[in-house]
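J.: my questions concern the predicted model and sequence given below.
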Amino acid sequence: MGVVVRSVSVFDLEGNIVGSVELPAIFDAPVRVDLIRRAVLALMTSKLQPKGTDPLAGLRTTAESWGVGHGVARVPRVKGSSRAARVPQAVKGRRAHPPRVEKKIREFINEKEKRLATVSALAATANLELVRARGHRVERVKQIPLVVVDDFQRLTRASDVRKVLDALGLWADVERAVDGTRIRAGKGKMRGRRYKVPKSLLIVVAENEGIVWAARNLPGVEVATARLVNVAQLAPGGHPGRLTLYTLSSLKILAERFEGVTVWNPMAL
């Protein structure tokens, strides 16, 4: 991967340019959609909980077959009656193919592949076309990727966060998430998953100094630290190009975290 140094502007909380910074080389890595989707799938399956039935369900009976010569099917029958038991076709019998806890439902991925996927997802956040393709409203956004001073991560009130997002042109995308919020169809409404909220802005900070509590009630907005941000947050559903806001110090942490990582692009051959 060739190193391409790109300089971007740094904005203050009022939306004014106060300086510039060179983006880390990881933001110029090739966008590998195949790697990103593989890593997102692995993260999604890691949240699944194994499930299975009772191994003895339908088998707690002393039913035995009568054998041949009685003019009836040779299925196990409850002693003292002719009612069938145990077999799948019988009332209260065992299930033919029940879910089992030993079934392999987790998709694993190599650590190196996961790091490459995260770098590729970070590079996608700096691509205006990919951000627009995800459906984000970027007409008023001053710059992609957007970098703001570290004072932003010290905000503790949602109203202050809204003012900053409005000054930077990001509030229109939050409104998109508000308009797209809907009630889920099906039984999930009764199981704590009543609403489906579109993904909006991702805020990447160096440290949480109050911004998590200030932004947690904004629809679709997520806050992640640079040391822990993962590919599922950068590319929800495996679709790269999420609208992302970086604080100035978070760029330095990201550069240190992924130092030496290169992404091989098979399409370049």
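T.: Arrived safely.
J.: pretty sure Val138 contacts Leu128?
T.: Yes. Counting by CB atoms under 8 Å, Val138 does reach Leu128; the two are 6.9 Å apart. Glycine gets a C-beta too; all of them are placed from N, C-alpha and C.
J.: give me the common contacts of the two.
T.: Contact criterion CB atoms under 8 Å, 6 or more residues apart in numbering; residues shared by Val138 and Leu128: Ile144.
J.: more neighbours: the two, which one.
T.: Per other CB atoms under 10 Å, whichever of Val138 and Leu128 has more neighbours is Val138, with 18 against 14.
J.: against Val231, how distant is the more buried one?
T.: Distance check for Val138 against Val231: by CB to CB, to the nearest Å, it reads 21 Å.
J.: again, but for Ser249
T.: Taking CB to CB as the measure, Ser249 falls 22 Å from Val231.
J.: more neighbours: which of these two?
T.: Using other CB under 10 Å as the criterion, Ser249 and Val231 rank with Val231 on top: 27 against 15.
J.: quick one: the more buried one and Leu35, what's the gap?
T.: With the distance defined as CB to CB, Val231 ends up 9 Å from Leu35.
J.: and Val119, by the same measure?
T.: Distance of Val119 to Leu35, given as CB to CB: 9 Å.
J.: do the same with Asp179
T.: From Asp179 over to Leu35 the distance is 32 Å, taken as CB to CB.
J.: okay, strands next: where are they in the stretch 151-269 of the chain?
T.: Ranges of strands in the stretch 151-269 of the chain, per DSSP state E, counting those that start in this stretch, are 182-183, 195-196, 202-205, 222-225, 244-247.
J.: output these in TSV, with mean pLDDT appended to each entry.
T.: Rendered in TSV, the data for the strands of the stretch 151-269 of the chain read as follows (pLDDT from 0 to 100):
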stretch	mean pLDDT
strand 182-183	96
strand 195-196	96
strand 202-205	97
strand 222-225	96
strand 244-247	96
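J.: out of those, which is closest to Glu102?
T.: Proximity to Glu102, assessed across the strands of the stretch 151-269 of the chain by CB to CB, is greatest for strand 195-196 (32.5 Å).
J.: what packs against that closest one?
T.: strand 182-183 (3 or more CB pairs under 8 Å, 6 or more residues apart in numbering; DSSP states H and E).
J.: just to revisit the earlier point, looking at Val119 and Leu35, which has the bigger crowd around it?
T.: Remark: of Val119 and Leu35, Val119 carries more neighbours, 29 against 24, as counted by other CB under 10 Å.
J.: wait, is that one part of a helix?
T.: Yes. When classified by DSSP: H, G, I helix; E, B strand; the rest coil, Val119 is found to be part of a helix.
J.: how much space separates the closest residue in space to Leu218 that isn't next to it in sequence from Leu130?
T.: Once its chain neighbours are removed from consideration, Leu218 has its nearest residue in Val174; the separation is 5.7 Å (CB to CB, 6 or more residues apart in numbering). Look at Val174 and Leu130: by CB to CB, they are 20 Å apart.
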